[in-house]
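Peer 1: can you look at this prediction? I've put the sequence above it.
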Amino acid sequence: MRTNLAGFLKIPIFVKRNFLIKYYSMSKVIKIKKGLDIKLKGTAEKIISQAEPSSFYAVKPIDFPGITPKLAARADDKVKVGSVLFFDKLRPEIKFTSPVSGVVQAVNRGERRRILEVIVESDGKNESIDFKAGDPGAMSPQEVKQKILDAGLWPAIRQRPYNVIARPDSEPKAIFISGFDSAPLAPDMDFIVKGQNNSFQRGIDVLKKLTKGEVHLSLNSAYPPSDVFTGAKGVNIHYFNGPHPAGVPGIQIHHIDPINKGEVAWYINPQEVIMIGRLFETGKYNTTKIIALTGSEVKKPLYYKVTGGTSIEALIKDNLKGSNLRYISGNALTGSRINKIGFLGYYDSQLTVIPEGDHYEMFGWVLPGLKKFSLSHSYPTWLMPGKEYRIDTNLKGGVRPFVLTGDYEKVFPMDIYPMQLLKAIIVEDIEKMEALGIYEIGEDDFALCEFVCASKIEIQSIVRQGLDLMIKELE
Amino acid sequence: MNSIRRFVDKIKPNFEKGGKFPFLLSTFEAFETFLFVPNIVTKKGSHIRDAMDMKRTMIVVVIALVPALMFGMWNGGYQNSLALGIERTLLENFWFGFLRIFPILVVSYVVGLGTEFIFAQIRNHEVAEGYLVSGILIPMVLPIDTPLWMVAVATIFAVVIGKEVFGGVGMNILNPALTARAFLFFAYPTYMSGDFVWIKGLMKGEGIVDGFSGATALGQAAINEPLLNTSGNTMSGMDMFMGTIPGSIGETSTIAILIGAIFLIYTGVGSWKIIFSVFAGGAAMGLLLNLFGGNALMEIPFWQHLMLGGFAFGAVFMATDPVSASQTDRGKWIYGFLIGVLAIIIRVLNPAFPEGVMLAILLMNVFAPLIDHYVIEAHIKRRLKRAKVSTNANSI
């Protein structure tokens, strides 16, 4: 009887102790409950491959909402790494520079002569302008800022409100770095930054000069993160846990230190922190980065070491299944559509190739649909949680007005009413937009709302319109 | 499949601009998208989309309605057999009800979709699929003896006044199917209430057996009579739960409606918050009235109230219409609870309207935007408070 009692007591104590250990070590974890992990086929295997370097590179003004590009170089001009290709007409100090040395091959324009991309043909020599190395600790914030602006790395720093390139004259209350990406087929940031401890730390030191507030680094608590992140000094580390969009900076800012009217927060990707670090280490604008080539239509999805703005032609050569494909720079939710000789976007660490969906499907809306993915449980596939999907670009229904309610809220982990805010944007009610939280949001926060929308409304475009309207009205 | 696609592609030019029948374009598109998910691809924003669309949503609701409809068909025959004292098998009862109810469904769909097609053509947009659900909801809330012309008139009223005058799908204030029901209730009260309309044949005065009552439970209680079932015995909770009692076509069987409710909640199409809170509101109000007692209606046990009349049907299929309901989560709780409370109040305290659920839902449809307004205002205030707190913190 006695031994039984002891045994009986031991179990709860053991359980309790385990619980406490877990509780204390996890106490800083911010749990994201709302969201959705979309499991696509074609995750990149963790091998870094070296593709044949491309001859063509581009910087695309369309990657930067809110700027008015003004050309600084013309076709046939000779450029070095770091030579200015164009700058923002409204803020000429924000420069966009060439990632390679060579000759400006073409300036492609779209409707109303809008500049789409400035293409540089590489001479393979990588002759660089020397921006001079420097110790950020010994420099004034103004000097630090100037160096980043000159080298063309300033656009890497973005801000909320408005989700645009940071205004160099603004005073950020904090700078946020998301140390993981939760988007579909997203690259593993820990793998990408491996071994770059020094450059990352140098980048952090630089960022610390740019704000009086904190530099926040958000990591995923689901696995032990890279020592590049955990070993970084001078940053405030936060752990997040949960489905996409847990890795989106806007969501993290909202949970760590939300933006109120009149406040500004900056954010930047880890690879760009490393580039800033390198600039101060070597004095060079070095856009070398590691990207993941992903998607169901890629034969061998791997990681590649490339130079920023590279043409994707060499990466996908002989590596694709089928021919009617959608090439996306970035992930399938927020990335931009490019063609098969298109260029990697400025901020992107990922290429996704998925099938186009321009085909008819008989009775698609009424059949059970054993290969279809949906947030709703109206398809039986929700019973197979581990299943990976090959999703094409079909809209999967007709465009309708807002009808259903409650779906956006299931995938939108912010203390904001998404549908009401969207409606305020549509009717251009500035006051309502402000009250409902327009300062906190960016397009990528709403990407999942757009994905799940049964009315097939282009929500990210609506958000961008709202942000542009705010800029126009208030600045 | 390919041959059908080829045929559709072949006849398509006839309906496009410059073809023979351009005025039928939206009608053609409606049929085309009914057969095939269109080949449109994403252009901006997210490149991939959820497989859920409005058509799928609507078909889920229709499937959820099927158990109640099937039961309604059987019950149509069963009630008739009791009233006239005829022995029938289960299938015979079903067939009897089917023959009566199927024409109502056909009239509802043909007239309703016809009206929708005309509006879509005039306004030059795609035919929306909302009527797939309204078309089955309207027959299910009518008494079985409703004349077909009345179904047609009510359907047109519902589509035109209930929906299109507001701008079509997604813009309406009132639930279209309930608008149809309310229209008939006030325009032709003799066909919508009383002791004879609920059972096929009674309106024509066919011979009935002794001791038979065709009144619904609420109709009996309203005149302070004890609740009897069709055979003249006391109506049990089981009768109400199974649905072997007189009433509108789809509303009597609580179990069939609950099966539909489970399907709606499981697929994520129906809001469980609304369904739950309507029942909670009804139970709370019923309980309160039980405490007072006084007349037959007030003394109906609160849990039986939830199974009588159109309460369960309204809670599961009418109150949950996303367009006319509250749109915020918190608003949904309030909206549902008030529907439950009001339905019982109207039903019990105003015996002229034993069908209080319909009026309660229509009333709350009107108030839903107001509820949302206050929920949003409270949210905005909270956000402002957060802003003030953080500026204070910064200044310290």
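Peer 2: Sure, I can see it.
Peer 1: for residue A:215, list each beta-bridge partner.
Peer 2: residue A:175 (DSSP bridges).
Peer 1: so it is in contact with residue A:236, correct?
Peer 2: Yes. Applying C-beta atoms under 8 Å, one finds residue A:215 in contact with residue A:236, separated by 6.8 Å. In short, each C-beta sits where N, CA and C put it, glycine included.
Peer 1: neighbour count for these two, which is higher?
Peer 2: A direct count of neighbours by other C-beta atoms under 10 Å in any protein chain shown for residue A:215 and residue A:236 places residue A:215 higher, at 24 against 14.
Peer 1: in the chain, what secondary structure element scores lowest on mean pLDDT?
Peer 2: Let's take chain A. Lowest mean confidence among the helices and strands of chain A (mean pLDDT, DSSP states H and E): helix A:2-25, at a mean of 45.
Peer 1: other chain: chain B
Peer 2: That would be, for chain B by mean pLDDT, DSSP H and E, helix B:217-222 at a mean of 74.
Peer 1: the closest residue to chain A within chain B: how many residues sit nearby?
Peer 2: Residue of chain B nearest chain A, by C-beta to the nearest C-beta: residue B:53 (2.4 Å). Residue B:53: 25 surrounding residues under other C-beta under 10 Å.
Peer 1: dump the residue contacts of the closest residue to it other than its chain neighbours.
Peer 2: Excluding the flanking residues, the one nearest residue B:53 by C-beta to C-beta, 6 or more residues apart in numbering or on different chains is residue A:397, at 2.4 Å. Counting by C-beta atoms under 8 Å, 6 or more residues apart in numbering or on different chains, residue A:397 makes contact with A:365, A:454, A:456, B:37, B:49, B:52, B:53, B:54, B:55, B:56.
Peer 1: how about the contacts made by residue B:14?
Peer 2: Counted by C-beta under 8 Å, 6+ apart, residue B:14 has contacts B:20, B:21.
Peer 1: need the three-state assignment for it.
Peer 2: Assigned by DSSP: H, G, I helix; E, B strand; the rest coil, the conformation of residue B:14 is helix.
Peer 1: return the distance of it relative to residue B:127.
Peer 2: 18 Å (C-beta to C-beta, to the nearest Å).
Peer 1: quickly find the element holding the closest residue to chain B within chain A.
Peer 2: Closest to chain B within chain A is residue A:397: 2.4 Å, counting by C-beta to the nearest C-beta. Remark: residue A:397 resides in no helix or strand, with elements defined by DSSP states H and E.
Peer 1: what score does it have for pLDDT?
Peer 2: On pLDDT, residue A:397 comes in at 87.
Peer 1: likewise for residue A:340?
Peer 2: At residue A:340, pLDDT is 89.
Peer 1: could you find the closest non-adjacent residue to it?
Peer 2: Leaving out its chain neighbours, the residue that sits closest to residue A:340 by C-beta to C-beta, 6+ apart is residue A:327, at 5.6 Å.
Peer 1: host element of that neighbour?
Peer 2: Per DSSP H and E, residue A:327 falls inside strand A:325-329.
Peer 1: that strand pairs with which strands?
Peer 2: In the sheet, strand A:325-329 lines up against strand A:336-338 (antiparallel), strand A:350-355 (antiparallel) (DSSP bridges).
Peer 1: need the winner for burial among these.
Peer 2: Mean neighbours per residue, mean count of other C-beta atoms under 10 Å in any protein chain shown, is largest over the strands paired with strand A:325-329 for strand A:350-355, with a mean of 26.
Peer 1: show the average pLDDT along it.
Peer 2: Rounded mean pLDDT across strand A:350-355 is 96.
Peer 1: contacts for the next helix or strand after that strand, please.
Peer 2: Remark: after strand A:350-355, the chain's next helix or strand is strand A:361-362, criterion DSSP H and E. The contact list for strand A:361-362 (C-beta under 8 Å, 6+ apart) reads A:394, B:1, B:4, B:5, B:35, B:36, B:37.
Peer 1: next structured bit after strand A:361-362?
Peer 2: Following strand A:361-362 in sequence order, the next helix or strand is helix A:407-410 (DSSP H and E).
Peer 1: can you list the buried residues in that next one?
Peer 2: Along helix A:407-410, these residues count as buried under the neighbour rule (16 or more other C-beta atoms under 10 Å in any protein chain shown): A:407, A:408, A:409, A:410.
Peer 1: so which of the residues you listed reach chain B?
Peer 2: Taking C-beta under 8 Å from any C-beta of the partner chain as the test, chain B is in contact with A:407, A:409 out of the buried residues of helix A:407-410.
Peer 1: residue A:439: which of the buried residues of helix A:407-410 is nearest?
Peer 2: Sorting those by how near they are to residue A:439, with C-beta to C-beta, puts residue A:408 at the top with 18.9 Å.
Peer 1: contacting residues for that closest one?
Peer 2: Contacts of residue A:408 (C-beta under 8 Å, 6+ apart): A:418, A:419, A:449, A:452, A:453.
Peer 1: give me the subset of the residues you listed touching chain B.
Peer 2: Subset of the contacts of residue A:408 in contact with chain B: A:419, A:452, A:453, counting by C-beta under 8 Å from any C-beta.
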